[in-house]
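Engineer: Sequence below, structure please.
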Amino acid sequence: MNKLGILLQIPAETADGGQGMMTQIMMFGAIFLVFYLFMIRPQMKKQKEAKKFKESLVNGTKVVTIGGVHGKIMEVKEDTVIIEVEGGNRLRMEKAAIAKEFAAEEMAKA
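Structural biologist: As a prediction, the model looks like this:
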């Protein structure tokens with residue numbers, strides 16, 4: 001067995017790079033495929049949905065920010081929104097700071 005085969009723990013008959021190399025390439029391909037299907041693809045889908053939500057914000061929508069502030073959208077601009085919080089105060093925020101829409105069903109759960 002040659003020294004490279006010993007280091008990589010490849011049997012002597014496949015140490016010449018024939019069948020063993022092809023098996024390793026197929027295993028790396030399978031690992032990448034599983035990684036893509038279970039990690040990369042769902043994350044890309046989640047990012048698309050978040051972008052679509054932030055582009056579809058309209059006046060009157062009740063939202064929760066990433067900081068946990070609850071409010072109602074009063075004005076939507078290109079990159080910012082103005083939300084009204086309890087007490088009539090208004091806050092100008094980036095659209096990126098809006099986490100989700102606050103629905104009445106969520107309030108009933110609490």
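
Engineer: got a pLDDT number for residue 105?
Structural biologist: Per-residue confidence (pLDDT) for residue 105: 52.

Engineer: actually residue 20, sorry about that
Structural biologist: As predicted, residue 20 sits at a pLDDT of 84.

Engineer: can you give me the helices for this structure?
Structural biologist: Ranges of helices in the chain, per DSSP state H, are 3-8, 19-35, 41-55, 104-109.

Engineer: Looking at those helices, which is nearest to residue 80?
Structural biologist: Nearest to residue 80, of all these, is helix 41-55, at 11.3 Å by CB to CB. Using the backbone N, CA and C atoms, a C-beta is placed for each residue, glycine as well.

Engineer: Pull out the buried residues from that closest one.
Structural biologist: Going by neighbour count (16 or more other CB atoms under 10 Å), the buried part of helix 41-55 is residue 54.

Engineer: Report the inter-axis angle for it versus helix 19-35.
Structural biologist: Here the directions of helix 41-55 and helix 19-35 differ by 30 degrees (axes from the mean of the first three to the mean of the last three CA atoms, to 10 degrees).

Engineer: Packing partners of helix 41-55?
Structural biologist: Applying 3 or more CB pairs under 8 Å, 6 or more residues apart in numbering; DSSP states H and E, one finds that helix 41-55 contacts strand 98-101.

Engineer: Give me the most central residue, the protein.
Structural biologist: Nearest to the geometric centre of the chain sits residue 43, at 3.4 Å (CA atoms, centre = their mean).
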